[in-house]
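# Predicted model follows, preceded by the sequence.
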Amino acid sequence: MFKYIKKHKMMKLQKRTLTIYILVISLPFFISFAILTYRTNQTIKNNNLDYMGQLCEQINQNIDQTMSTIERLAGINFSDQRIQEILTEAQDYSTAEYLENYRRIDSVLRYSTQISPHVLGITLVSLHGDTYSNIRTIEENLTDLDTFLQRVQDKNGESYISNVYTGFVNGKQEEELMTLTRVLLNPNDYRKSGYICIDLDYKTIQDNFDKTLEEERLQNLVILQGNQMIYQSGLNEIYFDQAGSDYMVQKINAQWDDSGINHIEFEYENNLISLVGIENIATGFKVILFLPSYSMQSNVVDNLEFVMWTLVVILLVTILTGYFLSANLTKPINQLHQAMKRLEKDGEFSIIEKNVKNEDEINMLIDSFNSMSVQLEESIKKEYRILENNKRIEIKMLQFQINPHFLYNTLNMISSIASLYDVSEISEATTALSDMFRYNVKGKNIVTLKDELDQIENYLCIQRLRFPNRINYSFAIDEQMQQRRILKFLLQPLVENAIYHGIEPRSGKGSISISAYDLNDTDFIVVIEDDGIGMSQEQIEQMHQELAYETIHDIVDDDLNRLGVKNVHYRIKKYYGKQYGLSMKTRQPGGLIVELRLPRLIEKE
Amino acid sequence: MKDDMEVLMKSIYRIVVFFAAFFMIGCGREVEVPQNSGSEVVEIEFFNSKKETQEIMNYLIGEFEQEYPNIRVNHNTSVGGYQTLLSRFASNNVPDVFIQWPNATWRKQVEEGFVLELTEYEFMNRVDPKVRQEYQINGNDYILPLTYSTSGVYYNVDIYEELGLTIPQDFDALINNAEMIERAGIRPFLFMGKEHLSLQQQWYALLPSMDNYDAFIEASIAGNISNYKKELIELTQQFSQLVSYGQENMMQTTNDQAVYDFAQGKSAMLIMGSWKIPWIKQINPDINFAMFPIPKQNEVAEYVPAFAGDFSLCVSSRTQKKEAALLFLEFISRAENMEYFCLNDGSVPVITGVDVYIPELSLHKKYLREGKYRTNADANWSSQTNERLAEEIQLLLLTKDQDRFIEAMIQIFEESQ
C-alpha cells in the first residue's frame, strides 16, 4: 500500500491526473452499481412477489367466477315450473307421461350442458330418488352421488364442489372430473325440489389455467388440492415429479396460513423457491405461483445488463476523454519542465512554443517563462560585460597605483638637481609634472576652470618637450569664465585625445585651442578644438552611440578606444545629470571640436 | 456477350420450370402449405361431435401438428355436440373443420353454401369411387367420407357356443336362439328404452331386412308410405318379438347401460352399431363377441345397414384458414392414418387401399366389400322426422300398440312434406 502510494507520488502529472480522474469516476460508478444491483435485486423480488400475489388473486377470482357462472347458467333452466313439478312428483315409469317428462328433462339437460365448455354433464336427483342424467348413464356411475348429496346437505344451502377425481363419463371414458352439487329450490315457495350435480371437465379448467398463463405471459403455476398437486403448467421452469410434488405439498401445507396471501420459501434441488399462494375457498384449490432463485437472478441480470453496458461505455468514453484531457494539460507543463531542465543543466535559454488557441494559466506561465528567459539571458550577458570591464579598469587602476607623494618628492628632487646643473628642460618638465601630481593628489574635486587650464599648460609643457615645435595652443577664456567651476581633470583627457588622435598622426604643426562661453543662465560650454586628422562622420556617430550608454560599464571590449574621452563624458553625466556631457563634431577645414556642456555651479561651492 | 447468354439461359430455365410445375399441378390439385411469416401459428377449430373418437383424433392431431408445426388444431368435443354444431350453423359461426354425416341436414347445409367444395383436391381420389359418387351433389364433392359404420346383432360367442347355438340363417332361427338363451336363464336382448334416439338406432338396424326396402325408402322420401303397410306390419311384429326377449326395466335403460351390461355378459345379444366395438372391448377386454346381420323373415340378410361416411369431414366455406383445414383433411385421409383410426374405432375404411382386420366385424365386412349394404334409413330423412319417429318407437316400446305406431309413421312421413 505504502509502496503504491510512494509510487503514486513519483508518478508523472499526466498519469497521476489520469489515475485520480479514473478513480474519481469509477469509484462512485462501482459503488453505485453495487448499490443499484442490491436494490434492484430487492425491488425486483418484491415486485415479483407483489405481482405474483395479484395474479394469484386474479386466478382465484377467475376460478370463483367460472364456478359461479357454471352454477348459474347450468342451473337456470331447471327453475322451470314444469321441471320442478316433475322433480317433486313420484314417477310412474309405465306411462307415456313419464316418457314425455323424461324427454323434457333430457332436452333441458342437453342444452344446459352445452352452455359452458367446462360442463361435461348434469345429473338431477329428485326428492324421490329418481335420477335424470346425460352423463351418469349407467348405474355404476351413480355411486359417487350419494356422497355428494350428503356433503351438500351439510353445507346448509351452499354449493359443494368435490375434489378432482377420476370417473366414467357416459360409462366409458375415464375422465378427471369435479362435481359441483347444490340443492334445487322451487322458485315459488323456496322449498327443496331436488339436487343438481354438475360434472365439470377438469381438463377444460386446466386449459383455462394454461390460457391465463399464455395471455399473461406467465409460468410457474401449480394448483394443489388437499395433498395432491392437481395442476402444473407445461411452461413451468421446474417440473415436479411425484416425489417432488409430494415434497412441495408437504412444505406448503406445513407453512400454510389460511388467511389471505401466503409467502413461503423452501429449498428444492439446491434452489430457493419463493412462492405466493392463495386458497380458493369454493374449490379448495391452493393457487400457487413460484419463482426459483436462479430465475429471479436472471431477471435482475437482464435488468442490469443494459445499465451495466451503458455505464461501461460511459466509463470508457470518460477514461479516453480523461487521457486526452490530461495529455493536453500536461504537454505544455512537460515542455516547460524540459526547457527548465535544459536551462538548469546546460544554461540553454529556449523559447517554448505555446498553444495560441488557449490563453489559460499554463500559457501565461509559458509567457512568463519565455520573457524571464529573455531577461535572464540579457541580464547575464550584461553582468558578464560589467565584470570584464571592471577587471580591465581594475588592472588599469593598479597600473596607476604608484605612491603620488613619492613621485612628487622625486620630481622635486630631479627639478632641483636639473636647476643645479642648469638643464632647464628637465627642470621645466619635472616642475610641470610635479605641479600636476600635486594638483592630482591635493585639493578638491571641484576646481575653477582656470585651475584646469593651468594644469593643461603643465601638461602641454611636458608634451611640447616630447613633440618639440609641433604643438601650438591658445586659451580664449575671459576672467569671468575662468572662475566657472568644474570637475577636476575634465579637460586633460580631452587635450590628450587631441594630441594623440588628432595632431600626432598628422605631419607638421598642430594647434589646440580652448574656449568657453555661457550657453544660458544655467549652463556653459567649454570647447576644445584641434586641427588634427579629426574623425570621420561614421566614427563620430559610433562615438555618440557609445556615449549614449548609461554608464561606462556598458561599453563593450572594442569600444575601449578613447576611453579617457568616454570617461570624461560619464563622469559629467554621473555628477551633473543626464542632460550634461560631451559631444563631438568635425571641424572645418579639418580637425575635431569637442564640446563640454556643464552647469554653472557657483552655489554648490 | 457472355452475360447476355447467361440471362437468356436463366430465362429459358425459368420458363421450363414454370411449365413443368404447371403441368404437374394439372394432375390434381395439391394442397399448399400455408406460408407464414416467421413463427406465426395458424389455429383451426376441429369440431368433433363423435366424442367416442376423441382419443383417436387427439393422437392423429398430435401427429399432424408435428408434421405442420405452424398449424394448431383446436379439438372441440362436447356431449351432445351435434346439437351444438347445428346451432353454430344457425348463428353463422361454423367451425373450420367439422364432422358431418352425409344426411339430409348436410345436403341443406351444402345448398345454403356453408360447405366448401372439395372436388378438385387430390385427396378426394382416395375415397372409394362408389361412395364418392353417392355423395356428390351436381357432380361436386362437399364431404370427405372416411369410414363405414354398420349395424347388426352383437352376440356373446361364449354363450352361443355354450348353448350350442349358431348364427341364425333366418328370422325364426334368431327367435329360436333367443328362446334357448332365455331358457338358459340368460337375458337374450337389451333395449335402450330410456333414450329414444338410441332405441331408434336399434329399430333402424332391422329396416333393411324388410321386403321392398328400396321402394319403401323412395316412398318415404316422397311422403307416402301407406302402400307399404304390409311390410311395416311385418317389421313391427318382428321388432316387438325381439323386444319381448328384452329386459324388464327397459324404459330405465340408457344406451350406455345396455352396452355396459352386454360387455359384462349380462345379455347374450344386443342390436347395435359397429361403433361400440372398441368401447365394449375397453369395458371388458376378455369378452368374446362378434356381429351378425339381422336375417330376413325366411333367408339370410340380403343387405346390411351401413353408413358410408359415419366419420366424414367437411370444411366451412367461410373459413379464413382454408389451406390449413385442407391440409388437415389430406393428412387424416392418408392410408396409414385411416388404418390407425379404423383399428381403434372399430370401423371399416371408405378410403381405398386400406384393409383393417376387425374379427368381430368379419361378416359385415364381407357384405360391405361386396357392396351388399343399404345406407342407414335416417340419412334419407330430416332430423325432425327422425326425432318424431324416435318418440313413436319409444312409445311403442311402452304401450306395445303396433297399430297406433304404424298409423303414426304414415302420418309423420305425410307431414314431412
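Yep, it's here.

# Up against chain B, what does chain A have?
A:93-96, A:98-99, A:102-103, A:106, A:110-111, A:113-114, A:117, A:120-121, A:134-135, A:137-140, A:169-173 (C-beta under 8 Å from any C-beta of the partner chain). C-beta coordinates here come from the backbone N, C-alpha and C atoms, glycine included.

# out of those, which are buried?
The neighbour count (16 or more other C-beta atoms under 10 Å in any protein chain shown) marks A:98-99, A:102-103, A:106, A:110, A:113-114, A:117, A:120-121, A:134-135, A:137-138, A:169-172 as buried among the residues of chain A next to chain B.

# Take those and keep only those in strands.
A:Leu120, A:Gly121, A:Val169 (DSSP state E).

# Would you confirm that the second one contacts A:Asn141?
It refers to A:Gly121. No - with contacts counted by C-beta atoms under 8 Å, A:Gly121 stays clear of A:Asn141, the gap being 9.9 Å.

# got any residues that touch both of the two?
Common neighbours of A:Gly121 and A:Asn141, using C-beta atoms under 8 Å, 6 or more residues apart in numbering or on different chains, are A:Ile135.

# Quick one: mean pLDDT over the helix or strand where A:Ile572 lies.
With secondary structure defined by DSSP states H and E, A:Ile572 is part of helix A:563-576. In this model, helix A:563-576 has a mean pLDDT of 84.

# quick one, domains of chain B?
Per automatic domain parsing, the structural domains of chain B span B:42-148+B:308-373, B:152-304+B:379-415.

# out of those, which comes closest to chain A?
Among these, the nearest to chain A by C-beta to the nearest C-beta is domain B:152-304+B:379-415 (3.7 Å).

# ok so, going back, ok, the helix or strand following the helix holding A:Ile572: who's next to it in the sheet?
Downstream of helix A:563-576, the next assigned helix or strand under DSSP H and E is strand A:581-586. Within its sheet, and counting by DSSP bridges, strand A:581-586 is paired with strand A:592-599 (antiparallel).

# gap between the partner strand and the chain center?
71 Å (C-alpha atoms, centre = their mean, to the nearest Å).

# Dump the C-alpha coordinates for it into PDB.
What follows is strand A:592-599, C-alpha atoms only, in PDB (Å, rounded to 0.1, in the frame of the first residue of the first chain):
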ATOM      1  CA  LEU A 592      37.700  67.900 -34.300                       C
ATOM      2  CA  ILE A 593      35.600  70.000 -32.000                       C
ATOM      3  CA  VAL A 594      34.700  68.600 -28.600                       C
ATOM      4  CA  GLU A 595      32.200  70.500 -26.600                       C
ATOM      5  CA  LEU A 596      31.500  70.000 -22.900                       C
ATOM      6  CA  ARG A 597      28.200  71.200 -21.600                       C
ATOM      7  CA  LEU A 598      28.300  72.000 -17.900                       C
ATOM      8  CA  PRO A 599      26.200  73.700 -15.300                       C
END
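
# Which stretches in the stretch 51-200 of chain B count as helices?
For the stretch 51-200 of chain B, the helices defined by DSSP state H, counting those that start in this stretch occupy B:54-67, B:81-90, B:104-111, B:129-134, B:157-162, B:171-183, B:196-206.

# for the stretch 51-200 of chain A, what spans make up the strands?
A:119-126, A:131-133, A:160-161, A:165-169, A:173-185, A:192-201 (DSSP state E, counting those that start in this stretch).

# Next: chain B.
Remark: strands assigned in chain B by DSSP E are B:42-48, B:71-77, B:97-99, B:144-156, B:269-273, B:289-292, B:304-315, B:348-349, B:373-375.

# Save those as CSV, and put in mean pLDDT, mean neighbour count and distance to A:His337 too.
CSV is the format used below for the strands of chain B (pLDDT from 0 to 100; neighbours: other C-beta atoms under 10 Å in any protein chain shown; distance: least, C-beta to C-beta, whole Å):
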stretch, mean pLDDT, mean neighbour count, distance to A:His337
strand B:42-48, 94, 20, 77
strand B:71-77, 90, 19, 78
strand B:97-99, 95, 26, 89
strand B:144-156, 94, 26, 96
strand B:269-273, 95, 25, 109
strand B:289-292, 96, 22, 112
strand B:304-315, 92, 26, 91
strand B:348-349, 90, 24, 101
strand B:373-375, 89, 20, 112
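
# will you turn the ones you listed into CSV that also has distance to chain A?
Below are the strands of chain B laid out as CSV (distance: least, C-beta to the nearest C-beta, whole Å):
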stretch, distance to chain A
strand B:42-48, 12
strand B:71-77, 8
strand B:97-99, 15
strand B:144-156, 16
strand B:269-273, 14
strand B:289-292, 16
strand B:304-315, 17
strand B:348-349, 21
strand B:373-375, 26
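
# how about those strands, which one is nearest A:Gln297?
strand B:71-77 (33.5 Å; C-beta to C-beta).

# which residues are in contact with that closest one?
Residues from elsewhere that reach strand B:71-77, judged by C-beta under 8 Å, 6+ apart: B:34, B:41-49, B:51, B:54, B:57-58, B:61, B:64-65, B:95, B:324, B:327-328.

# what about the chain, any weak spots by pLDDT?
With no chain named, the answer covers chain A. A:1-11, A:13, A:171-173, A:299, A:303, A:355-358, A:397-404, A:443, A:550-561, A:602-605 (pLDDT under 70).

# Switch to chain B, please.
B:1-39, B:78-80.

# how about the residues of it near chain A?
Residues of chain B lying near chain A (C-beta under 8 Å from any C-beta): B:51-52, B:54-55, B:78-80, B:83-84, B:87, B:194-196, B:249, B:251-252, B:254-257, B:259-260, B:279, B:282-283, B:391, B:394-395, B:398-399.

# Of those residues, select the buried ones using a PyMOL command.
A single PyMOL command selects the buried members of the residues of chain B next to chain A (16+ other C-beta under 10 Å):
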select buried, chain B and resi 51+52+78+79+80+83+84+194+195+196+251+252+254+255+256+257+259+260+279+283+391+394+395+398
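
# What is whatever helix or strand A:Ala429 lives in packed up against?
Per DSSP H and E: A:Ala429 is located in helix A:424-441. Contacting helix A:424-441 under the criterion 3 or more C-beta pairs under 8 Å, 6 or more residues apart in numbering or on different chains; DSSP states H and E are the following elements: helix A:404-420, helix A:449-466.

# Would you mind finding the most buried of those helices?
helix A:449-466 (a mean of 18; mean count of other C-beta atoms under 10 Å in any protein chain shown).

# Which of the residues in the very next helix or strand once past it are classified as buried?
Using DSSP H and E, the helix or strand that follows helix A:449-466 towards the C-terminus is strand A:471-476. Residues of strand A:471-476 classed as buried: A:Ile471, A:Tyr473, A:Phe475 (neighbour count, 16+ other C-beta under 10 Å).

# Pull the contacting residues for the residue most central in space within chain B.
Nearest to the geometric centre of chain B sits B:Asp310, at 1.6 Å (C-alpha atoms, centre = their mean). Residues in contact with B:Asp310 (C-beta under 8 Å, 6+ apart) are B:Trp101, B:Thr147, B:Tyr148, B:Ser149, B:Trp275, B:Ser347.
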